[in-house]
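Student: Pasting a predicted model and its sequence here:
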Amino acid sequence: MLKGPEKFKHASHVTWRQVEKDAVILDLDTSVYFSLNELGMLVWERLGDGATIAEIQDEVCRLYDVTPKIAHKDIELLIAAMTAKKLLVKA
């Protein structure tokens, strides 16, 4: 389980753009595109801004009316997927 004060950042070899409410991420090393929905984009953007997992969890709970446990699990799964694809690295 990820800890609340833990931080991640965008890998140096990725670029991204917002497209409507979603995000499109390009891995410049592999030329592979990834897309994130509105919630995924919020997490991605906030991680890029230097927010902690706890801060993002609080924001997700406030915006989407979910419990902290559900928010944390969703954030944890997204971070795990993005670190596995080498899109995020620990800050």
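Tutor: The structure has been received and is ready for your questions. Residues are numbered from 1 along each chain as shown.
Student: Going by C-alpha atoms from here, please, whenever you check contacts or count neighbours.
Tutor: Fine.
Student: can you give me the mean pLDDT across the longest helix seen in the chain?
Tutor: For the chain, the longest helix by residue count, based on DSSP state H, is helix 68-84. Across helix 68-84, pLDDT averages out at 95.
Student: List the buried residues for that helix?
Tutor: 68, 71-72, 74-76, 78-79, 82-83 (16 or more other C-alpha atoms under 10 Å).
Student: Would you mind pulling up the elements that that helix packs against?
Tutor: If you count contacts as 3 or more C-alpha pairs under 8 Å, 6 or more residues apart in numbering; DSSP states H and E, helix 68-84 packs onto helix 53-64, strand 88-90.
Student: would TSV of these with distance to residue 46 be doable?
Tutor: Shown next, in TSV, are the helices and strands packed on helix 68-84 (distance: least, C-alpha to C-alpha, whole Å):
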stretch	distance to residue 46
helix 53-64	7
strand 88-90	12
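Student: Now distance to residue 28, mean neighbour count and mean pLDDT too, for these, in JSON lines please.
Tutor: Formatted as JSON lines, the helices and strands packed on helix 68-84 follow (distance: least, C-alpha to C-alpha, whole Å; neighbours: other C-alpha atoms under 10 Å; pLDDT from 0 to 100):
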{"stretch": "helix 53-64", "distance to residue 28": "26", "mean neighbour count": "17", "mean pLDDT": "95"}
{"stretch": "strand 88-90", "distance to residue 28": "13", "mean neighbour count": "16", "mean pLDDT": "95"}
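Student: Need the residues that contact the longest helix of the chain.
Tutor: Applying C-alpha atoms under 8 Å, 6 or more residues apart in numbering, the contact partners of helix 68-84 are 1-2, 40, 43, 53, 57-58, 60-61, 88-89.
Student: Out of these, flag the one nearest to residue 31.
Tutor: residue 88 (15.9 Å; C-alpha to C-alpha).
Student: hang on, the closest one packs against residue 15?
Tutor: No. Contact criterion C-alpha atoms under 8 Å: residue 88 and residue 15 do not qualify, at 11.4 Å.
Student: any idea whether the residue nearest the centre of the chain is helix, strand or coil?
Tutor: Compute the mean C-alpha point of the chain, and by C-alpha atoms, centre = their mean the closest residue is residue 44, 3.1 Å away. Each residue gets one of three states, and residue 44 gets helix by DSSP: H, G, I helix; E, B strand; the rest coil.
Student: Right, I'll call it a day here.
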